[in-house]
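**Student:** After the sequence you'll find the predicted model.
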Amino acid sequence: MNWIILVVAGLFEICWAIGLKFTDGFTRLWPTVFTVLAMLLSVGLLGIAMKTLPVGTAYAVWVGVGAVGTALVGMVFLGEVVSAARLASLALIAAGIVGLKLSA
């Protein structure tokens with residue numbers, strides 16, 4: 001169950017990372033509220049998952065899910081550059097996440 005909580009925490013990390021783009025330096029109220037709420041949920045769920053998961057593994061998976069997801073959302077929805085090198089690099093991060101899960 002804590003692995004599911006950890007992945008959900010990573011999904012909220014994607015939400016707040018993308019949300020930062022829309023806050024305009026925290027000058028827009030609703031994007032800021034959304035972003036701060038996503039931050040709190042992300043870190044809160046990470047803390048719950050860490051009750052039973054190793055801290056290094058949990059943190060690395062959380063960051064990895066957030067990094068891969070944020071980069072993919074940026075490419076698909078925000079017009080960021082898509083290249084074979086970027087996709088291969090993201091695949092390596094995803095492989096690392098899977099490796100950490102399998103070794104925990």
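**Tutor:** Looks like it arrived, so ask away.
**Student:** Checking V82 next. Helix, strand or coil?
**Tutor:** Three-state call for V82 (DSSP: H, G, I helix; E, B strand; the rest coil): coil.
**Student:** Quick check: it vs V65, distance?
**Tutor:** 20 Å (CB to CB, to the nearest Å). No exception for glycine: its C-beta is placed from N, CA and C like everyone else's.
**Student:** of the two, who's got more company?
**Tutor:** Using other CB atoms under 10 Å as the criterion, V82 and V65 rank with V65 on top: 22 against 12.
**Student:** dump the residue contacts of the more buried one.
**Tutor:** By CB atoms under 8 Å, 6 or more residues apart in numbering, the residues touching V65 are L6, V7, A9, G10, L11, E13, I14, I97.
**Student:** Take the residues you listed and keep only those in helices.
**Tutor:** L6, V7, A9, G10, L11, E13, I14, I97 (DSSP state H).
**Student:** Check which helix or strand L72 maps to.
**Tutor:** helix 55-77 (DSSP states H and E).
**Student:** what comes up buried for that helix?
**Tutor:** When burial is assessed from 16 or more other CB atoms under 10 Å, helix 55-77 yields the following buried residues: 57-58, 60-62, 64-75.
**Student:** Would you report the backbone torsion angles of the residue in the chain sticking out farthest from the centre?
**Tutor:** Distance from the C-alpha centroid of the chain, by CA atoms, centre = their mean, peaks at T27 (23.2 Å). Note on T27: backbone dihedrals following degrees, to the nearest 10 are phi -100, psi -10.
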